[in-house]
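>>> dropping a prediction and its sequence here:
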Amino acid sequence: MARQLGFDLPVRVALGRDDFLVAPSNAIALSMVDAWRNWPLKKLVLTGPEGAGKTHLTHVWAADSGAQIVAAAALDNATVDALFDGPVAVEDVDQIAQDIDRQTALFHLHNALQASGHPLLMTGVTAPNLWRLSLPDLQSRVDAAGHAALDAPDDSLLGAVLAKLFSDRQLTPRPDVIPYLVTHMERSFAAARQIVADLDTASLAQKKPVTRNLAAACLDNRG
């Protein structure tokens, strides 16, 4: 049987407030982000496993506060100079733990925002006291921030996340696919994102709809 070539089509990821799926595992973090006008010291650290919704929640906050969003790895003196005049979100701060230049830039940004009274949101995977930033003055300032944690998903949230991921890729799985995946897949947001991507590719290549059998085959291939 001829196989259809798979193409990497753009994935239209919905990052609006109405698209954020609220569950017990993220409700507290959402409420803390929503209360940004009352953050102690005008700063908050948002953490959670890969794919848990940190980027989505960061975009929700940016839309509400007018914040600019920047990756920690992209910080330098020129970037920091352009960020002093309003709220800022810095993503993946834990990834610059050994990059003294990026940490120095974030340290200066932090101090400038504190002086001007603008809020700062920082994100990472683990709790901030585990980031072990090599610039002690920056680590101490991170430790002083409030901390909102996104937890691993329960069944209902994992199912909702899968449904959203399928929708982002314009896929309509058979009704029994999502319950099957929730029961049999690794229980993480990162795994959900990968299995949906695998099913998208397999469905295109095999010219088949997204069925339970196709889901089972993809899970078996992931081993």
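Perfect, thanks for sending it.
>>> which stretches of this protein form strands?
Taking DSSP state E, the strands of the chain run over residues 43-47, 68-71, 88-91, 120-124, 146-149.
>>> quick check: closest non-adjacent residue to residue 113.
Of all residues not flanking residue 113 in the chain, residue 120 sits nearest, at 4.9 Å (CB to CB, 6 or more residues apart in numbering). C-betas here are computed from N, CA, C, even on glycine.
>>> if we can go back for a sec, distance to residue 28 for the strands of the chain - can I get that in a markdown table?
Below are the strands of the chain laid out as a markdown table (distance: least, CB to CB, whole Å):
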| stretch | distance to residue 28 |
| --- | --- |
| strand 43-47 | 11 |
| strand 68-71 | 22 |
| strand 88-91 | 19 |
| strand 120-124 | 16 |
| strand 146-149 | 7 |
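>>> mind putting these into JSON lines with mean pLDDT?
As requested, the strands of the chain are exported to JSON lines (pLDDT from 0 to 100):
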{"stretch": "strand 43-47", "mean pLDDT": "98"}
{"stretch": "strand 68-71", "mean pLDDT": "97"}
{"stretch": "strand 88-91", "mean pLDDT": "98"}
{"stretch": "strand 120-124", "mean pLDDT": "98"}
{"stretch": "strand 146-149", "mean pLDDT": "96"}
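>>> in a markdown table: those, plus mean neighbour count and distance to residue 140.
Formatted as a markdown table, the strands of the chain follow (neighbours: other CB atoms under 10 Å; distance: least, CB to CB, whole Å):
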| stretch | mean neighbour count | distance to residue 140 |
| --- | --- | --- |
| strand 43-47 | 23 | 12 |
| strand 68-71 | 16 | 22 |
| strand 88-91 | 24 | 17 |
| strand 120-124 | 25 | 14 |
| strand 146-149 | 18 | 14 |
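>>> closest to residue 26 out of those strands?
Among the strands of the chain, the nearest to residue 26 by CB to CB is strand 146-149 (9.1 Å).
>>> helices or strands up against that closest one?
helix 27-34, strand 43-47 (3 or more CB pairs under 8 Å, 6 or more residues apart in numbering; DSSP states H and E).
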